[in-house]
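Fold the stuff below for me.
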Amino acid sequence: MRKYAGSCHCGAVAFEIETELDQVNVCNCSICTRRNAVMHRVPPERFRILQGEDMLILYTFNTGTAQHYFCRNCGIYTFHKPRSAPDQYTVNVFCLEGIDKDVVAGLAVNRFDGRAFSVVGNEGGVAT
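So this is what the prediction gives:
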């Protein structure tokens with residue numbers, strides 16, 4: 001298990017996770033597709049906000065269950081609590097220090113069919 005430091009682009013929001021980063025998740029729902037998200041899920045005991053909780057903006061849609069957090073200053077998606085597992089944190093792996101496209105290319109990719117998970121159809125998106 002390794003600790004990873006993460007932050008938004010401007011550094012106002014900082015967090016850390018403790019995990020084995022051996023896989024990432026991608027989703028085809030409306031929000032994940034638009035933000036081109038590559039994510040990794042961790043339980044709450046392995047996720048900690050270090051600073052900037054007051055700088056986070058919450059976005060919800062569809063059922064309102066999923067909680068998507070963005071930095072209010074730079075707009076970067078940092079993490080969310082998914083509708084499919086609202087007790088977990090799913091972080092934007094590209095917010096983690098030392099993680100780039102080359103690192104992600106070497107990881108297993110789990111694909112989640114968020115479009116099929118929608119309760120309102122594709123027109124309103126889906127909270128993943």
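
any chance you could map the strands in this structure?
2-7, 14-19, 23-27, 39-42, 47-51, 56-59, 67-71, 77-81, 89-92, 108-112 (DSSP state E).

So which elements touch the third one?
Using 3 or more CB pairs under 8 Å, 6 or more residues apart in numbering; DSSP states H and E as the contact criterion, the neighbours of strand 23-27 among helices and strands are strand 39-42, strand 108-112. (Each C-beta comes from the backbone N, C-alpha and C, glycine too.)

These into TSV, with extra columns for mean pLDDT, distance to residue 76 and mean neighbour count?
Below are these laid out as TSV (pLDDT from 0 to 100; distance: least, CB to CB, whole Å; neighbours: other CB atoms under 10 Å):
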stretch	mean pLDDT	distance to residue 76	mean neighbour count
strand 39-42	97	13	22
strand 108-112	91	21	12
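
mind checking which of the ones you listed is nearest residue 30?
strand 108-112 (13.1 Å; CB to CB).

Contacts for the closest one, please.
22, 23, 24, 25, 26, 27, 28, 29, 84, 128 (CB atoms under 8 Å, 6 or more residues apart in numbering).

Just flag the most distant two among these.
22 and 29, at 23.5 Å, using CB to CB across those.

quick one: which of these two has more around it?
residue 29 (24 against 9; other CB atoms under 10 Å).

so where is this protein shaky, pLDDT-wise?
For the chain, the stretches with pLDDT under 70 are 118-128.

So which of the contacts of strand 108-112 wins on neighbours?
Within the contacts of strand 108-112, residue 128 tops the neighbour count with 28 neighbours, counted by other CB under 10 Å.

Return the member of the contacts of strand 108-112 nearest to residue 99.
The nearest member of the contacts of strand 108-112 to residue 99, counting by CB to CB, is residue 24 at 9.4 Å.
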